[in-house]
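1. predicted model, plus sequence, below.
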Amino acid sequence: MQINRIMIDFSKIEIETVRNYWNSRPCNIRHSPREIGSKEYFDDVEVRKYFVEPHIPCFADFSKWKGKKVLEIGCGIGTDTINFARAGAHVTAIEYSEESLKIAKQRAEIFNLPIKFYHADAENLSKTVPVESYDLVYSFGVIHHTPYPEKAIFELKKYMNKDSVFKIMAYNRNSYKTWWIIFKYGKGQFWKKDQLIAKYSEAQTGSPVTYSYTKKTIHDFLKGLIVENIFVDHIFPYSIPEYKKYEYKKVWYFRILPKPLFQLMEKTLGWHLCATAKLK
Ligand SMILES: C[S@@+](CC[C@H](N)C(=O)[O-])C[C@H]1O[C@@H](n2cnc3c(N)ncnc32)[C@H](O)[C@@H]1O
């Protein structure tokens, strides 16, 4: 498979390194101080996630998939997963971090939602998950963390037919967060952009793989798919020390920035590049 990247190539990194990283701290695991696995914990996680990332329910459009088959790639601890299922979708979810998967399964059990889970690597999906068509293939913030994302895209197309929809969120290379990382942590060394993005993209420092894309490069990346809609959104405006204490105090410059300007910034320099595509 030909790789045509303008950025750093993480394809030599072992998928096990990626798995170990997410096992050591599953995504959003600290979204609640309560006992992990309790109903109250999961309710808190959901409230916090959609409070901080309110564009997700609009992008996922959970209710649209009622009665439809949804395949989620990289479900993490399952926040979107259970929302698809609650909306009445028939959900199959895959995840490569066992720790994340364990929690997502617990969550489905607690809320009594019949979700099919697989421990699978997106790059080798068809080795584990039976190939059949889904109405929606959904992946939020995942494919850019796998060493060889083109392979994952190649695999997940096997689960689509001409009417299937693919929704992906990948990180936006030309975002406010990118520049914030370069200046805050990289002291302006923009030539180290890729390494810096990877190191500081997540709540836990040192993600082994984080690619980022632009509205242009995502088209090449999603080979064989035609992008029907694309937008950027999401700037995190809160002060981290307070956020860690579950308090939502904006940093001073976002406090004084008028809301319409902040929204405009999110729509132009947001961190989340959200694309909806179909098979070509
Ligand atoms: C940023 S988290 C997002 C989780 C979830 N989609 C969410 O929005 O909360 C990235 C997830 O991708 C998973 N992941 C990374 N590479 C993967 C792969 N090749 N196959 C399956 N899951 C993968 C990680 O284990 C991690 O749970």
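-> Now that the structure is in, tell me what you want to look at.

2. alpha carbons only for contacts and neighbour counts from here, please
-> Noted.

3. what residues does the stretch 51-200 of the chain put near the ligand?
-> Counting by Cα under 6 Å from any ligand atom, the positions of the stretch 51-200 of the chain adjacent to the ligand are 74-76, 95-97, 120-123, 140-142, 145-146.

4. and which of these is nearest Met265?
-> Gly141 (20.3 Å; Cα to Cα).

5. tell me the pLDDT of that closest one.
-> In this model, Gly141 is scored at 98, pLDDT.

6. now Val131
-> On the pLDDT scale, Val131 gets 98.

7. for Ile8, same thing?
-> 82.

8. cool, and Pro149?
-> For Pro149, pLDDT reads 96.

9. from Val45, how far off is it?
-> Remark: distance between Pro149 and Val45 (Cα to Cα, to the nearest Å) = 28 Å.

10. flag every buried residue along stretch 23-35.
-> Asn23, Pro26, Cys27, Asn28, Ile29, Arg30, His31, Ser32 (16 or more other Cα atoms under 10 Å).

11. let me see the ranges of the helices in the stretch 51-200 of the chain.
-> 55-60, 79-86, 98-110, 125-128, 149-156, 176-184, 193-200 (DSSP state H, counting those that start in this stretch).

12. now, of those helices, which is deepest in the fold?
-> Ranked by mean neighbour count under mean count of other Cα atoms under 10 Å, these are led by helix 79-86, which reaches a mean of 24.

13. helices or strands up against that helix?
-> In terms of contacts (3 or more Cα pairs under 8 Å, 6 or more residues apart in numbering; DSSP states H and E), helix 79-86 is packed against strand 90-95, helix 98-110.

14. can you list these in CSV and add distance to His234 and mean pLDDT?
-> Formatted as CSV, the helices and strands packed on helix 79-86 follow (distance: least, Cα to Cα, whole Å; pLDDT from 0 to 100):
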stretch, distance to His234, mean pLDDT
strand 90-95, 24, 98
helix 98-110, 24, 98
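
15. wait, what's in contact with Arg107?
-> Gly37, Lys39, Phe42, Ile77, Gly78, Ile82 (Cα atoms under 8 Å, 6 or more residues apart in numbering).

16. which SS state does Ser11 fall under?
-> coil (DSSP: H, G, I helix; E, B strand; the rest coil).

17. so for it, what's the nearest residue that isn't a sequence neighbour?
-> Pro147 (4.4 Å; Cα to Cα, 6 or more residues apart in numbering).

18. okay, now the one you found: neighbour count?
-> 23 (other Cα atoms under 10 Å).

19. that one and Glu123: what is the separation?
-> 9 Å.

20. quick one: contacts for the residue nearest the centre of the chain?
-> Nearest to the geometric centre of the chain sits Gly141, at 1.5 Å (Cα atoms, centre = their mean). Counting by Cα under 8 Å, 6+ apart, Gly141 makes contact with Ile168, Met169, Ala170, Tyr171.

21. which of the residues you listed tops the neighbour count?
-> Tyr171 (28 neighbours).

22. in contact with it, which residues?
-> So Tyr171 contacts Gly141, His144, Tyr211, Ser212, Tyr213, Trp271, His272, Leu273 (Cα under 8 Å, 6+ apart).

23. which of the residues you listed lies closest to Asn112?
-> Nearest to Asn112 among the contacts of Tyr171, with distances taken as Cα to Cα, is Gly141, at 25.7 Å.

24. show me where pLDDT drops low in the stretch 51-200 of the chain?
-> Within the stretch 51-200 of the chain, no range satisfies pLDDT under 70.

25. Phe62: which of the contacts of Gly141 is nearest?
-> Of the contacts of Gly141, the one sitting nearest to Phe62 (Cα to Cα) turns out to be Ile168, at 14.3 Å.

26. still on that earlier bit, does the residue nearest to Ser11 touch Ala122 like I think?
-> No: counting by Cα atoms under 8 Å, Pro147 stays clear of Ala122, with 10.4 Å between them.
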